[in-house]
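**Student:** Kindly generate the corresponding structure for this input.
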Amino acid sequence: IIQVDWKPFMIDPGTNTEGEDVEDYCRRRWGGSGWTHSLKLEGKKDGAKFDNWKWWPHTLKAHQLVQYCCSNNNNNNKSGEEEKIIISSDKVNQLLFEAEYENGQNLSDVNVLLEIGKTLGIKDENDLAMYLALDKGKEQVQKDIAIGRQRYQISGVPHFIISSSDDDDDDQDRQSFSGAQKPKTFLSIFEALLAEE
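**Tutor:** Model (predicted):
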């Protein structure tokens, strides 16, 4: 069984908290957006078209949405009874990427995040809105980012950590690497881990 667990990372915590126009941001930070051309070309090969990428968002609240959906903070009221559902981080991130890169939405906008929450089946929108407004989970998101930077030297995304163990403290067979990868890279790592068992 392969389990995918997304962890938070912020490329630039200094991004305007309301988000920035992607072209303006790239020009300010790197002198232009030329680096995005190869990203878009490679992405199209795997179905990531980047057809409507307009924003460079401040992603803290988006990470808090993932945390809310993937934890027992997620309260869904059904017939007056409290029901908790846990949504996979994979599903939440899929909708976040689609909103940002294909639908041109700003993930810094709480209203966009609330709509994504509704799409994911969050019934108590007020609970989610309060969670985001009060920055609940902010400290844990920042702690997770710090652990990634310190323990695994994560300095960019994507970054992958693959292990045959689900024990976060077991580094023995863990492989960690950065950058977009071809499927055969993952396959060879999975095969090597299976051979060790």
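**Student:** And the host helix or strand of Ile189, how far out from the chain middle?
**Tutor:** Assessed by DSSP states H and E, Ile189 sits inside helix 183-196. Centroid separation between helix 183-196 and its chain, computed with Cα atoms, centre = their mean, to the nearest Å, is 24 Å.
**Student:** let's have the chain start at 454 instead
**Tutor:** Sure, I'll start numbering at 454, so the last one becomes helix 636-649.
**Student:** helices or strands next to it in the packing?
**Tutor:** strand 612-615 (3 or more Cβ pairs under 8 Å, 6 or more residues apart in numbering; DSSP states H and E). Just so you know, the C-beta spots here come from the backbone N, C-alpha and C atoms, and that holds for glycine as well.
**Student:** can you list the residues that contact the strand it packs on?
**Tutor:** With Cβ atoms under 8 Å, 6 or more residues apart in numbering as the test, strand 612-615 has contacts from 462, 601, 605, 627-631, 634, 639, 642-643, 646.
**Student:** and the helix holding Ile642, which residues are buried?
**Tutor:** 642, 646 (16 or more other Cβ atoms under 10 Å).
**Student:** quick one: low-confidence ranges for the protein?
**Tutor:** Scanning the chain for pLDDT under 70 picks out 454, 525-538, 619-625, 650.
**Student:** So which residues of it form helices?
**Tutor:** Using DSSP state H, the helices found in the chain span residues 475-483, 488-498, 513-522, 542-550, 563-572, 578-586, 591-605, 636-649.
**Student:** Mean neighbour count, the ones you listed: which tops it?
**Tutor:** Highest mean neighbour count of the helices of the chain: helix 513-522, a mean of 24 (counted as mean count of other Cβ atoms under 10 Å).
**Student:** hang on, the earlier thing: residues making contact with the helix holding Ile642?
**Tutor:** 455, 613, 615-617, 626, 628.
**Student:** just stretch 542-557 next, same as before
**Tutor:** By Cβ under 8 Å, 6+ apart, the surrounding residues in contact with stretch 542-557 are 457-459, 501-508, 510, 515, 518-519, 522-523, 558-560, 565, 569, 572-573.
**Student:** Off-centre distance for that stretch?
**Tutor:** 9 Å.
**Student:** related to what we said a few turns ago, quick one: the contacts of strand 612-615 as TSV, columns for distance to Asp477 too.
**Tutor:** TSV is the format used below for these (distance: Cβ to Cβ, whole Å):
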residue	distance to Asp477
Phe462	22
Gly601	28
Tyr605	31
Arg627	39
Gln628	37
Ser629	33
Phe630	32
Ser631	26
Gln634	30
Phe639	35
Ile642	38
Phe643	41
Leu646	43
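**Student:** Check these against Leu585 and report the nearest one.
**Tutor:** Closest approach between the contacts of strand 612-615 and Leu585, by Cβ to Cβ: Phe462, at 18.9 Å.
**Student:** Great, nothing more from me.
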